[in-house]
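**Student:** Could you look at this predicted model? Sequence included:
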Amino acid sequence: MAASILAEARVEGLLEGFRVLDLADEKGQLCGKILGDLGAEVLKIERPGGDASRRRGPFHHDHEDPEKGLFWLANNTSKKGITLNLETARGLELLRHLVRSADFVIESFKPGYLEGLGLGYRDLELIKPEIILTSITPFGQSGPYATHEATDLTASAMGGLVRILGEQGHPPVRMSCDPQAYCQAGVHGAVGSMVAHYHRELSTQGQHVDVSMQQAVVLSTMSSAETYDLMGVNVSGTGQAYIIPRPEPLGPVFLRFIYACKDGFVVCYFVGGFGAGVKSSRALADWANEEGMALEFKEFDFGQWNVFGMSQQEVERYFDIIGEFLMTKTKEELYEGAVKRGIMLAPCATTEDIYRNRHLEARGFWQAIEHPELGDTLRYPGAPVRPSEASWRIRCRAPRIGEHNEEVYRGELGLSEREMVALQADGII
Amino acid sequence: MSRQVFEGIKVADFAWAGVGPMVGRELAQHGATVIRVESHLRPDSLRTGGPFKDGVPGINRSGLFAAYNTNKLGISLDLNDPRGQQIAKKLVAWADIVSDSMRPGTMARWGLDYESCRRLNPSVIYFSTTQQGQHGPHRDFQGFGHHANALLGISGATGSPDRAPTLPFTAYCDFIGPWYLIIGVIGALLRRRKTGRGMYLEQSQFEAGLSFLGTHLLDCEANGHVVSRMGSRDRYLSPHGVYPCRGIDRWVVIAVTDEARWQAFCEAIGEPGWAGDERFSTLAERKRNEDRLDELIAGWTRNHTPQQVMTTLQSAGVAAGIVQTGEDLLGDPQLQHREHYRTLEHPEIGPHAYNAPAYRLSRTPCSIDRAAPCLGQHNDRVYREMLGQSEQEIATLRAEGVITSDPQDDA
């Protein structure tokens, strides 16, 4: 008996029993996915014909089709899908009806759009006082840039991330594994929603959570603003090296972090003088020595390696010696050896390498999701946190267009067959 | 002032470096009492790394440490000493939440692993976060956030196609895990209100990071496509990139998202003819002639500041933005409007800018009112007032180095 109660508690998600209406476009869809993976019932509300983010590539088997967009599939798991035209009186009425049953509403329209429809926070609060409205926009609900157009690239730039990517002497870049700014906005939307949810559970008060994608990006830049505030220095992308600032006349020293190897690149921290680098560098030199390489380091005391005093040429010579050894091995050989020997080295992995990573496999990270309509089973990234007595996992694949119209409009709101046909004919669902 | 969301929630913060401490920070910004436990014998790696105030190293001068420990109290304690462990256990008994970001096995050695803590405090909520989690063949992997960036594929997917992978100047993977942990911890607190039971939360920061790669992972899984370095280009949009501006090392980004905006872009920059130019008339053509198109656009942007380009294009409804430096962020009028940076006075750093959360709550705003602690700054307050140690006990513990202090002060 006790065991079965425990097993039951184990499978329940942390948001089981709560309902989310998800009106967000691509900028905010990760937020609803997170709440859904935690067990909330998420209704993704799309305009008739489907959300525009369904047409964002790439597509399954490169077949352009709103049911096959991989961005859509990745960011809308654990959601049910209904269609609804908010720009009709009947559509608004249906939405108001759904708000009564909801605990969270997530949206990413331009600031003011929902108020214009009579669905701003003040309006929702009248329908349901405990409601939490989470608005995810590029710059927040007000301020000088609030109505600016934004994409992943422009939000990444305005949040300071682009400036610190790339190489000296080349233009800054964005991360090609886009859209990172949307992911940051989505996860911070979920954090804000949870803080508000906690307050509601204690007080029965709802509130408006106003998320800024720009700020979410700023929080991922580590120390850009801090470095300027403390030292008057603007940092920028440093390519394959890390910069240690030093007083004149020496000036900064570039420590090589990215090395070529037999079949790609690795990030390797081969630096002595202080901290964990001493042990790690010794272990790497020992490995090279065993294979008759980097013999110059055989008796070398890495504790004496003084990065604060050496010239760039001297450190480059060290990097070249160890680089020669790294060139003799593959990413995987180096990585496995590094884990075993306590060397601070990791492969510059490709998505293909990630699916082959044996650690992720051993931890049971991947979640295989069936897509009968695509005739395929796809492995999705699993839980970002593993709670001991609750489940954090994908509940179901992303919905197809209007997949749950029947269930919600007929089953729940009790519309008749005839009303459904009329709604369809009027372009409302 | 209204009650803070997490008022009364107590956190024994044994986590160090970046990811773990950011969880306690978020809770502290909404009213939780968070006690950071540190030691002079092995200071937080963020305290010994920069950026330092005025570039001068010092255990209490690090901007990174300051950034992730806003609103916390700080104590110093030697956890390798059995008496230190006894005091730590008092803290565990006091706490609602215990945090751990040590290498797997470290907390167990101190008698502070989840099972031990649960015996002291049956309903404790406990999280462990490390780069690769508590179990699995690579659990003992050692590295910085930069290594995690490489494992995640971020390094390989950042930079120019004709160059090697790059090292983002941020331990980017460290800025994914904490947000999920906060979500999990809040969920666990609410679950405990219902069931009375605590919870253990385990995180591999690498796995948390992969949640931001969903589209690209599926593209590999379904299509065998591997995401590679594309500079700032986009597979589906053009023009889309970073362009040079007037000034030294100044840049602007422009992203044209559809045909109507392409027309608007050409009009706005005074080149309406480009829209009709057959090299650029469709997305496919613009993609084919992208090098030439980017050169032409750069010819225009070079004569303007990033601010001018942004204003001109935004007026036409085209997405454009300044490639903001650290200095730009601090002066950004939008971030100022949002009160993103809050200036707090720190005993050694002086006035310094601290980040607010990315969201604003209409009813229960965050409160950011205490700069990160100096090492051991709140020893008296915590040991005497909160844990009930006597003056004499504290003096003895201090003299015997259980409550650690700066070796230079003793000299």
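**Tutor:** Everything's here; your move.

**Student:** Which one of the residues in the stretch 51-200 of chain B is closest to chain A?
**Tutor:** Closest residue of the stretch 51-200 of chain B to chain A, CB to the nearest CB: B:Gly187 (3.1 Å). From N, CA and C alone the C-beta is placed, and that goes for glycine too.

**Student:** who touches the most centrally placed residue in chain A in this structure?
**Tutor:** By CA atoms, centre = their mean, chain A has its centre lying nearest to A:Cys183, at 3.9 Å. Residues near A:Cys183 by CB atoms under 8 Å, 6 or more residues apart in numbering or on different chains: A:Leu30, B:Ile176, B:Ser211, B:Phe212.

**Student:** my read: the second one touches A:Val187, true?
**Tutor:** Just to be clear, that refers to B:Ile176. Yes - because the distance of 7.2 Å satisfies CB atoms under 8 Å, B:Ile176 is recorded as touching A:Val187.

**Student:** Low-confidence stretches in chain B?
**Tutor:** Counting by pLDDT under 70, chain B contains low-confidence ranges at B:1-2, B:408-411.

**Student:** And the strands in it?
**Tutor:** Here chain B has its strands, by DSSP state E, at B:10-13, B:33-38, B:73-76, B:97-100, B:125-130, B:199-204, B:240-244, B:251-255, B:319-322, B:341-346, B:350-355, B:359-361.

**Student:** how far does the third one sit from the chain's center?
**Tutor:** A distance of 21 Å separates the C-alpha centroid of strand B:73-76 from that of its chain, computed with CA atoms, centre = their mean, to the nearest Å.

**Student:** what does the first one give?
**Tutor:** Going by CA atoms, centre = their mean, the spacing between the C-alpha centre of strand B:10-13 and its chain's C-alpha centre is 19 Å.

**Student:** next one: the fifth one
**Tutor:** Going by CA atoms, centre = their mean, the spacing between the C-alpha centre of strand B:125-130 and its chain's C-alpha centre is 17 Å.

**Student:** give me every residue that touches the closest residue to B:Gln29 other than its chain neighbours.
**Tutor:** In this structure, B:Gln29 finds its nearest non-sequential neighbour in B:Cys366, 4.4 Å apart by CB to CB, 6 or more residues apart in numbering or on different chains. Counting by CB under 8 Å, 6+ apart, B:Cys366 touches B:Gln29, B:His30, B:Ala356, B:Pro357.

**Student:** Next, the contact list for B:Ala15, please.
**Tutor:** B:Pro21, B:Val23, B:Gly24, B:Ser99, B:Asp100, B:Ser101, B:Met102, B:Thr129.

**Student:** on contacts alone, who are the packing partners of the lengthiest helix in chain B?
**Tutor:** Once chain B is assigned using DSSP state H, the helix that runs over the most residues is helix B:177-195. Helices and strands touching helix B:177-195, by 3 or more CB pairs under 8 Å, 6 or more residues apart in numbering or on different chains; DSSP states H and E, are helix A:180-203, strand A:386-387, helix B:19-29, strand B:125-130, strand B:199-204, helix B:205-210.

**Student:** how about 10 Å then?
**Tutor:** Contacting helix B:177-195 under the criterion 3 or more CB pairs under 10 Å, 6 or more residues apart in numbering or on different chains; DSSP states H and E are the following elements: helix A:29-37, helix A:180-203, strand A:386-387, helix B:19-29, strand B:97-100, strand B:125-130, strand B:199-204, helix B:205-210.

**Student:** export these to TSV and tack on distance to A:Gly337?
**Tutor:** Conversion of these to TSV gives the following (distance: least, CB to CB, whole Å):
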stretch	distance to A:Gly337
helix A:29-37	36
helix A:180-203	31
strand A:386-387	28
helix B:19-29	26
strand B:97-100	28
strand B:125-130	20
strand B:199-204	21
helix B:205-210	19
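
**Student:** Among those, which comes closest to B:Val37?
**Tutor:** strand B:97-100 (9.5 Å; CB to CB).

**Student:** Okay, now the unreliable bits of the stretch 51-200 of chain A?
**Tutor:** Within the stretch 51-200 of chain A, no range satisfies pLDDT under 70.

**Student:** in it, which spans are helices?
**Tutor:** A:70-75, A:89-100, A:113-116, A:121-127, A:152-158, A:180-203 (DSSP state H, counting those that start in this stretch).

**Student:** and those, which is most packed in?
**Tutor:** Of all the helices of the stretch 51-200 of chain A, helix A:152-158 carries the top mean neighbour count, a mean of 30, counting by mean count of other CB atoms under 10 Å in any protein chain shown.

**Student:** Off-centre distance for that helix?
**Tutor:** Distance, centroid of helix A:152-158 to centroid of chain: 15 Å (CA atoms, centre = their mean).

**Student:** and if you look at stretch A:328-343?
**Tutor:** 28 Å.

**Student:** swap in stretch A:71-89?
**Tutor:** Using CA atoms, centre = their mean, the offset of stretch A:71-89 from its chain centre is 20 Å.

**Student:** Repeat that for stretch B:143-153.
**Tutor:** Worked out by CA atoms, centre = their mean, stretch B:143-153 lies 15 Å from the chain centre.

**Student:** Contacts (any at all) between chain A and it?
**Tutor:** Yes - judged by CB under 10 Å from any CB of the partner chain, stretch B:143-153 and chain A are in contact via B:Gly143, B:Phe144, B:Gly145, B:His146, B:His147, B:Ala148, B:Asn149, B:Ala150, B:Leu151, B:Leu152, B:Gly153.

**Student:** Let's see which of those residues end up in helices.
**Tutor:** Applying DSSP H to the residues of stretch B:143-153 next to chain A, the entries found in helices are B:Gly145, B:His146, B:His147, B:Ala148, B:Asn149, B:Ala150, B:Leu151, B:Leu152.

**Student:** Specify which member of those residues is nearest to A:Ser281.
**Tutor:** For these, the nearest to A:Ser281 is B:His147 (14.5 Å; CB to CB).

**Student:** quick one on the thing from earlier: would you turn the ones in helices among the residues of stretch B:143-153 next to chain A into CSV with distance to A:Ala390 and neighbour count?
**Tutor:** Below are those laid out as CSV (distance: CB to CB, whole Å; neighbours: other CB atoms under 10 Å in any protein chain shown):
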residue, distance to A:Ala390, neighbour count
B:Gly145, 28, 24
B:His146, 32, 24
B:His147, 30, 27
B:Ala148, 25, 28
B:Asn149, 30, 30
B:Ala150, 32, 28
B:Leu151, 27, 30
B:Leu152, 26, 28
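
**Student:** would you turn these into a markdown table with distance to A:Arg174?
**Tutor:** Listed next are those as a markdown table, based on distance: CB to CB, whole Å:
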| residue | distance to A:Arg174 |
| --- | --- |
| B:Gly145 | 19 |
| B:His146 | 18 |
| B:His147 | 22 |
| B:Ala148 | 19 |
| B:Asn149 | 15 |
| B:Ala150 | 18 |
| B:Leu151 | 20 |
| B:Leu152 | 16 |
